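A.B. asks: how would this look folded up:
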Amino acid sequence: MRQRVMDTLIRFFQDGGSFMYPIAIVLVVGIAIAIERWLVLTAAKSANRQAFNRILPLLHKKDYAGVINLSKSTGAPIARIIAAGVVRMSQSPRRDDIELAMEEGVMEAMPRLEKRTAYLATLANISTLLGLLGTIIGLIAAFTAVANADPAEKAALLSSSIAVAMNTTAFGLISAIPLLLIHSMLQSKTTEIIDSLEMAGVKCLNIIAHVQEVTPRTRTQDTAASSAPKP
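C.D. replies: Now for the predicted structure:
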């Protein structure tokens, strides 16, 4: 059974003509890009989660130097984003300035996360167009051959030629459909990571603002308590 299926696939590929080869190359390149992007996005998601869990205690302790050192030692985008906010905080304590610095960090991380994902949709379109082009050229060759064939053989020759020409369209669609599905999945995964970066940035910004507000207030209360007249 397995051998029969393999023989059918090989015959299908061979009968499709020369345009089957570029479509196969497009499919292989698309699968390679999809695997690479999936591994990169999965690693980025895991690294962000681990870095965020390490950054939170440092922010609560106001260990801003530790946050900057962590961003240098890890490749997690969230660490660089929070470090950018910490660096801007040392220059300007305004919340808006810190938030803008973090937004710049998110924008810098987005091209690395979205890199090469758009190629999958382009490759899917190329695969479909190659299939149609192969079919059209095959039909042109078929009708040209039928024009010079014996009248009794025209119907059989035309039907067999059309069947062979349609193989390229079928293979083009077979290649394009999974590439489009994978493109959609990778886009959703990328959007999820970017949203998590923005959410983590807001959480860290709130922690920084809370620590900066609570500390002076606590010191003021301690000063007032120490200067109050003793009974």
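
A.B. asks: so is residue 4 in a helix, a strand, or just coil?
C.D. replies: Following DSSP: H, G, I helix; E, B strand; the rest coil, we place residue 4 in the helix state.

A.B. asks: where are the low-confidence patches of this structure?
C.D. replies: Applying pLDDT under 70 to the chain picks out residues 1, 5-7, 9, 12-14, 16, 149, 151-154, 156-157, 160, 211-231.

A.B. asks: ok, now how distant is residue 68 from residue 132?
C.D. replies: Separation of residue 68 from residue 132 (Cβ to Cβ, to the nearest Å): 55 Å. Yep, even glycine has a C-beta here, placed from its N, CA and C like the rest.

A.B. asks: ok, residue 164 next?
C.D. replies: From residue 164 to residue 132 the distance is 15 Å (Cβ to Cβ).

A.B. asks: out of residue 68 and residue 132, which sits in the busier spot?
C.D. replies: residue 68 (19 against 15; other Cβ atoms under 10 Å).

A.B. asks: separation between the closest residue to that one other than its chain neighbours and residue 111?
C.D. replies: In this structure, residue 68 finds its nearest non-sequential neighbour in residue 83, 5.0 Å apart by Cβ to Cβ, 6 or more residues apart in numbering. According to Cβ to Cβ, residue 83 and residue 111 sit 18 Å apart.

A.B. asks: who's more crowded, these two?
C.D. replies: residue 83 (21 against 8).
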